[in-house]
Structure formats: C-alpha cells, structure tokens
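Peer 1: how does the following fold in three dimensions:
(one chain, ligands or ions: 1)
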Amino acid sequence: MQGAVRPHARAIEALDAEPVTVRTPDQLAGVDSLIVPGGESTTISKLLDSSGLAGPLAARLADGLPVLGTCAGMIVLASEVLDGRADQRAYGAIDLTVRRNAFGRQVDSFEADLDVTGLDDPYHAVFIRAPFVEAVGDGVEVLASVDGHPVLCRQGPVLVSAFHPELTDDLRLHELFLALAG
Ligand code: GLN
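Peer 2: Okay, the predicted model is just below:
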C-alpha cells in the first residue's frame, strides 16, 4: 500500500523467493506469506480500508497467514496501539501492545547493534520514528530489545520488528521469516 516496499522485494528476491506486490484482494489471495512494510501506519490502515483489503487481510491473518511486519507494519499487526489515531486498525495478528513513535521525537531515528535470540552475531538495526512494544501476551517470544523494550517479536508464523531490516544488506531476518513461512 505504502512505505518501504521495494527494499523488501529486493531482499526476498535475493533469497530466491518470488516477491509479489499486493494492492488488491485478488493479489492477496495469491500469496503464501506477506510483508507489511514500514511507512505510516495510519496511512496504511486507511489504504487497506479503501482498497477493500481490510476484510480479506483480517480473514487470512485469522487463518494463520505467515506475516512479517516492520515498523509501521508491526503497528498494523499488533493487537493494541497506543498513541495511535482512534480510527487506525490493529489487526491482532500478534498478541502485543505497541506504542507509536515510542523512542521520542528528539531521537526520531537511530541505529543499534542488537543481540537477537537465534542469531550468532549482532544485528545492525535501523530505527526510524519507531514504535516499541509495551506489553506482550503469553504466546509471544521476544527476540530482541532496546533498553528493555522489545523491538523484535515472534508468535507462530508472525514476526514483527520495530526497525527496518530491509534497509541493510543483512538478510538474516528475511531468511528467518521465509523459514517460518515454510
Ligand atoms: N511512526 C510511524 C507510524 O506510526 C512508523 C515509522 C516507520 O514505519 N518507519 O506508523
């Protein structure tokens, strides 16, 4: 719909999977897994409504569609959004509460080397007006945190990051996602 779509497509291609851009319910019906990219969650939410994708997306998520949400994508997939717009949707694909723009206006963007559960070496992460996770449900595994705030979480085939894994050359999180997606 909006946001950092092409860099994700390039990462997926580099891992020998086939990226497909999804803008219509028909296109959604044809994919095996989905990435909801970073951008602006309120805009993505509106565009999902106006494109007719909101209902079909909710149905596929309820059906267990493997999905990766990055930054705004994480907000869209969360079960609860703090500091959001009252009318923005939270699809509840993963049981967590996120706070938008949580790292504060004065530190809109930063980079950090994260220790990620399951990865041998640190992961260099780019945060842009990023959210963080305030609370996680029982089934959610926290894979990385910044100052005690979860920024990478997984529940079943749903992986979400507060940062932008598509903006570096490190393909390990896309690789992990494709493995989760089978
Ligand atoms: N702050 C944005 C939002 O609320 C997310 C920023 C991003 O995706 N880089 O949707």
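Peer 1: element containing the residue nearest to the spatial centre of the chain, please.
Peer 2: Most central in the chain under C-alpha atoms, centre = their mean is residue 69, positioned 1.3 Å from the mean C-alpha point. For residue 69, the host element (DSSP states H and E) is strand 67-70.
Peer 1: could you identify the helix or strand that succeeds that strand?
Peer 2: helix 72-77.
Peer 1: show me what that following helix is packed against.
Peer 2: strand 34-36, helix 41-50, strand 67-70, strand 158-161 (3 or more C-beta pairs under 8 Å, 6 or more residues apart in numbering; DSSP states H and E). (C-beta placed from N, C-alpha, C; glycine too.)
Peer 1: can you list these in JSON lines and add distance to the ligand and mean pLDDT?
Peer 2: Shown next, in JSON lines, are the helices and strands packed on helix 72-77 (distance: least, C-beta to the nearest ligand atom, whole Å; pLDDT from 0 to 100):
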{"stretch": "strand 34-36", "distance to the ligand": "10", "mean pLDDT": "98"}
{"stretch": "helix 41-50", "distance to the ligand": "3", "mean pLDDT": "96"}
{"stretch": "strand 67-70", "distance to the ligand": "7", "mean pLDDT": "98"}
{"stretch": "strand 158-161", "distance to the ligand": "10", "mean pLDDT": "98"}
